[in-house]
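Visitor: Please work out how this folds:
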Amino acid sequence: MISKAEDIVSIMIKQGTKPNIVTYNSLIDGYCLQSQMHEARRVFELMSNNGYAPSTSSYNIMINGYCKTKRLDEAMKLFHEML
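Guide: Here you go, the predicted structure:
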């Protein structure tokens, strides 16, 4: 399901519509819900590389995902990065 969302974002980009923070957060959340934290982190970093500073929501989604996958060290690392 999340791969279809990425396909839609790719189509948006090809048609000249840039993804915004809401688009990126939706993708990140989808990956987190599927416990695909590596992919969630990839999109999180892509968002930053494309000029969108992670919002509080972005950090919250990622931290929640790390906690749910029992990666508490990563969650704490990201929490401290946010501060």
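Visitor: Double-check Arg41 against Met62; I have them as touching.
Guide: Yes: between Arg41 and Met62 there is a contact under C-beta atoms under 8 Å: 7.3 Å. C-beta coordinates here come from the backbone N, C-alpha and C atoms, glycine included.
Visitor: residue closest to the middle of the chain?
Guide: Relative to the mean C-alpha position of the chain, the nearest C-alpha, by C-alpha atoms, centre = their mean, is the one of Ile28, at 2.8 Å.
Visitor: ok, now which residue in the protein is the farthest from the centroid?
Guide: Max distance from the centre of the chain (C-alpha atoms, centre = their mean): Gln15, 22.1 Å.
Visitor: now for the helix or strand containing His80, which elements pack on it?
Guide: If you go by DSSP states H and E, His80 is part of helix 72-82. Applying 3 or more C-beta pairs under 8 Å, 6 or more residues apart in numbering; DSSP states H and E, one finds that helix 72-82 contacts helix 56-68.
Visitor: In terms of neighbours, single out the busier of Arg41 and Met62.
Guide: Met62 (27 against 18; other C-beta atoms under 10 Å).
Visitor: So, low pLDDT: which residues of this protein?
Guide: In the predicted model, the chain carries no residue with pLDDT under 70.
Visitor: Tabulate the CA atom coordinates of the strand or helix carrying the residue nearest to the centre of the chain in PDB.
Guide: Ile28 belongs to helix 21-33 when assigned by DSSP H and E. The C-alpha coordinates for helix 21-33 follow below in PDB (Å, rounded to 0.1, in the frame of the first residue of the first chain):
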ATOM      1  CA  ILE A  21       5.700  18.600   4.700                       C
ATOM      2  CA  VAL A  22       2.200  16.900   4.900                       C
ATOM      3  CA  THR A  23       3.100  14.600   2.000                       C
ATOM      4  CA  TYR A  24       6.400  13.600   3.500                       C
ATOM      5  CA  ASN A  25       4.800  13.100   7.000                       C
ATOM      6  CA  SER A  26       2.100  10.800   5.400                       C
ATOM      7  CA  LEU A  27       4.800   8.700   3.800                       C
ATOM      8  CA  ILE A  28       6.800   8.500   6.900                       C
ATOM      9  CA  ASP A  29       3.800   7.600   9.000                       C
ATOM     10  CA  GLY A  30       2.800   4.800   6.500                       C
ATOM     11  CA  TYR A  31       6.300   3.300   6.700                       C
ATOM     12  CA  CYS A  32       6.300   3.500  10.500                       C
ATOM     13  CA  LEU A  33       2.900   1.800  10.700                       C
END
